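> whatever this is, show me its structure:
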Amino acid sequence: RREAALPAWRRATDAEAPLSFQQQRMYVLSRLDPTRYNYNVVEVAMLKGLIDVAALQASLATICARHETLRSVVVERQGEPAQLVLQSPPRFERAKLKPCAADKRAAVIRRETLKLAQYPFDLAREPPLKVTLLSFDKTSHALVVNIHHLVTDGWSQRLFWEELAAHYAAAHGKNVAAQPLPAFQYRDFALWQQSWAQTPAAKDQLDYWRAQLEGVTTLPLRTDRPRPEVWSGHGARHYLEFSRTLSAELRALSQNQGVTPFMTLLAAFQCLLFRHSSHEDVATGSLIANRNQIESEHLIGLFANTLILRNDFGGDPSFGEMLRRVRQVTLDAYRNQDLAIEEVLRALQIARRSDGNPLFRIMFILQNASIEAARFPGLSMRRLEVDPKVARFDITLELVEADGRFTGFFEYATDLFDAATIEAMAAQFKSLLKAVIANPEQRISRLPLLTETERRQLLATGRGVPANFTTSGNLSGRFDRQAKKTPNAIAVSDGRASLSYRELARRSQAIARWLAREGIGAESVVALLADR
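As a prediction, this is how the structure comes out:
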């Protein structure tokens, strides 16, 4: 691989500059979004104590003065979008809520936040930041921060809250030293990125992604309903959290295997997707901070890049072997993270689709907490999770590591999946993780997906009933004869997916062998399914 000197960052001389490649993609996605709010990033902090509203407003003004992208708009010049920096003050609003019992306040805040989260930013006319302070009384508040994804990412969210707390403390009179203005701004990064795209290093990264994505297809995951022709963006979240014990065991396993927790969680999630789809070529999207230059470390803006992590599940490997495969694929992707996904799609001439992402429809994200890092003097604070009722992909598993625990959610498209389906998937994900922690060298085909309660129920139902799977019966005999006669013909179909006689026979035999090993009779399976 060729190495070349990176072009230097230079200060933009005009208030108007091109969008970065990440912004170009986000701008197009926003224009195509039927909801007009799918790409809002909303976070809520519940605050307890006497709040200094003037100090809060001053801290917001300071952040916007420091980070031009928070007061920028998108203008089009001869059909090409560009970012234009304004001098407008931040939009800060206050709303008084009706007093209610303390145990009902979270529900009220979630309801009000959902309304605020569905605000349709007009990116051509208004800055992409809106902050609202909700108050029940003098000491009970919620701060709702709504930033359009065009100008933020996970790293930026953490920077925003850290700076907000630091500037609040300074304005509140705590004598905190003022932070120096950033040497560069986000539009300087956009100009640098255009220069970098012409370097040999950029060509090398494009060559890597061409080879890595050759022949990739979207995962044929079974859905509860047919895919609509046009992506609606409607979604929901199923929240999950790991115990401290499970979180510690996960970190220990990662350390013993020489991988990061991200790699372990990704491998487990892709194992789950493989087991659901029986598709050996599993490609999921993920995000990387993409802050490889020191100039970008303290800037708010959309730097994060989407990586497509494609792994081969062929040969029924052990989970330990899959960890090694995932590690190599992930490290290779990290070494080629600078080339924006938009440039990859453009070079590969992959057209957009109205029904979803053309390359991958499942996303996995692990990031550090943002709000939890902030400390406001005189105020206690905790993060409040709010389901914005949107989905950017078929399924997104987003996890956060904070205070020694992993927590997060499955975000899913409600056009495709029922809540019960995703709830079961989340339970299976935990079961699979516990199994690989207990024995990482198990074959992935043997990893249990049932929860312990489900397994005990199934075994109890089948106890004492002999397993008897023969081909002497009339139906099974006829099936075998037809399978031999037309192995590639469709045996079963529900209108969305279908199985050939050969594939159905293979799966049926595998199920039969497993049930026989466990000593479970067919009557037990029928009873369990009937109970569901």
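> when you work out contacts or count neighbours from here on, use the C-alpha atoms and nothing else.
Will do.
> excluding its backbone neighbours, what's nearest Trp209?
Closest residue to Trp209 apart from its sequence neighbours, by Cα to Cα, 6 or more residues apart in numbering: Val344 at 7.1 Å.
> return the set of buried residues in the one helix or strand that neighbour maps to.
Using DSSP states H and E, Val344 falls within helix 341-347. The neighbour-count check on helix 341-347 (16 or more other Cα atoms under 10 Å) flags Ile341, Glu342, Glu343, Val344, Leu345 as buried.
> stretch 287-294 too?
In stretch 287-294, counting by 16+ other Cα under 10 Å, buried: Leu287, Ile288, Ala289, Asn290, Arg291.
> sort out which of the residues you listed are in helices and list them.
Using DSSP state H, no member of the buried residues of stretch 287-294 falls in helices.
> my guess is Lys389 contacts His238, does it?
No: judged on Cα atoms under 8 Å, Lys389 makes no contact with His238 at a distance of 10.8 Å.
> got the buried residues for the helix or strand where Phe274 lies?
In this assignment (DSSP H and E), Phe274 forms part of helix 261-277. Judged by neighbour count using 16+ other Cα under 10 Å, the buried positions of helix 261-277 are 261-275.
> again with stretch 400-420
400-401, 405-417.
> among the residues you listed, which are located in helices?
Among these, no member falls in helices (DSSP H).
> lowest pLDDT pick from these?
In terms of pLDDT, the lowest of the buried residues of stretch 400-420 is Glu401, showing 91.
> quick one, phi psi at the closest residue to that residue other than its chain neighbours?
Computed as Cα to Cα, 6+ apart, the closest residue to Glu401 that is not its neighbour in sequence is Asn368, at 5.5 Å. With angles defined as degrees, to the nearest 10, Asn368 sits at phi -80, psi 160.
> could you check the pLDDT of Ala177?
pLDDT, Ala177: 61.
> ok, Asn311 next?
At Asn311, pLDDT is 97.
> again, but for Leu6
69.
> cool, and Glu16?
For Glu16, pLDDT reads 89.
> tell me the secondary structure for the nearest residue in space to it that is not next to it in sequence?
Distances taken as Cα to Cα, 6+ apart place Leu84 nearest to Glu16, at 4.4 Å, with adjacent residues excluded. Under DSSP: H, G, I helix; E, B strand; the rest coil, Leu84 falls in the strand class.
> biggest separation within the buried residues of stretch 400-420, which pair?
Arg405 and Asp415 (31.4 Å; Cα to Cα).
> from what I can see Val400 touches Leu366, true?
Yes: Val400 is within contact range of Leu366, at 5.7 Å (criterion: Cα under 8 Å).
> so how far is Asn38 from Glu241?
25 Å (Cα to Cα, to the nearest Å).
> between these two, which one's more packed in?
Asn38 (25 against 16; other Cα atoms under 10 Å).
> if I look at that one, how far off is Gln179?
From Asn38 to Gln179 the distance is 33 Å (Cα to Cα).
> then Gln482?
From Gln482 over to Gln179 the distance is 76 Å, taken as Cα to Cα.
> higher neighbour count, those two?
Gln482 (15 against 10).
> my guess is the more buried one is in a helix, correct?
Yes: per three-state DSSP, Gln482 lies within a helix segment.
> hmm, Gly285 and Phe364 touching each other?
Yes: when contacts are counted by Cα under 8 Å, Phe364 is listed as touching Gly285 (6.2 Å).
> ok so, going back, how many residues are close by the residue nearest to Glu16?
Leu84: 22 neighbours (other Cα under 10 Å).
> so for it, what pLDDT did the model give?
For Leu84, the predicted pLDDT is 95.
> what sits against it?
Ala15, Glu16, Ala17, Ser72, Val73, Val74, Val75 (Cα atoms under 8 Å, 6 or more residues apart in numbering).
> Gly173 too?
Contacts of Gly173 (Cα under 8 Å, 6+ apart): none.
> what do you get if the cut-off is 10 Å, keeping everything else the same?
Ala55, His167, Pro377 (Cα atoms under 10 Å, 6 or more residues apart in numbering).
> what about those residues, which one has the most neighbours?
His167 (27 neighbours).
> pretty sure that one is in a strand, no?
No: counting by three-state DSSP, His167 falls outside a strand, being helix.
> surely it touches Ala65?
No: with contact defined as Cα atoms under 10 Å, His167 does not count as touching Ala65 (11.9 Å).
> check which helices and strands the lengthiest helix in the chain sits against.
Longest helix in the chain, counting residues (DSSP H): helix 419-438. Counting contacts by 3 or more Cα pairs under 10 Å, 6 or more residues apart in numbering; DSSP states H and E, helix 419-438 is packed against strand 235-241, helix 244-257, helix 261-277, helix 319-335, strand 405-413.
> so how far is it from its chain's centroid?
Distance of helix 419-438 from its chain centroid, counting by Cα atoms, centre = their mean, to the nearest Å, is 17 Å.
> kindly report the same for stretch 147-154.
So, by Cα atoms, centre = their mean, the centroid of stretch 147-154 is 14 Å from its chain's centroid.
> what mean pLDDT does stretch 485-494 get?
Averaging pLDDT along stretch 485-494 yields 70.
> actually stretch 349-362, sorry about that
On average, stretch 349-362 scores 85.
> quick one: buried residues of it?
For stretch 349-362, by 16+ other Cα under 10 Å, it's Gly356, Asn357, Leu359, Phe360, Arg361, Ile362.
> dump these to JSON lines, plus secondary structure and distance to Leu150.
Shown next, in JSON lines, are the buried residues of stretch 349-362 (DSSP: H, G, I helix; E, B strand; the rest coil; distance: Cα to Cα, whole Å):
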{"residue": "Gly356", "secondary structure": "strand", "distance to Leu150": "19"}
{"residue": "Asn357", "secondary structure": "coil", "distance to Leu150": "18"}
{"residue": "Leu359", "secondary structure": "coil", "distance to Leu150": "21"}
{"residue": "Phe360", "secondary structure": "coil", "distance to Leu150": "21"}
{"residue": "Arg361", "secondary structure": "coil", "distance to Leu150": "20"}
{"residue": "Ile362", "secondary structure": "strand", "distance to Leu150": "21"}
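> what sits against the nearest residue to Leu366 once chain neighbours are set aside?
Nearest residue to Leu366, sequence neighbours excluded (Cα to Cα, 6+ apart): Leu399, at 4.8 Å. Contacts for Leu399 (Cα under 10 Å, 6+ apart) come out as 239-241, 262, 265, 364-369, 405-410.
> beta-bridge partners for Leu399, please?
Note on Leu399: beta-bridge partners Leu366, Gly408, judged by DSSP bridges.
> give me the domain ranges for the chain.
Using automatic domain parsing, the domains assigned to the chain come out as 16-186, 199-450, 453-531.
> which one of those domains lies closest to Arg10?
Across these, closest to Arg10 is domain 16-186 (Cα to Cα), at 7.9 Å.
> could you find the closest non-adjacent residue to Ser88?
Using Cα to Cα, 6+ apart, the closest residue to Ser88 is Arg71 (6.4 Å).
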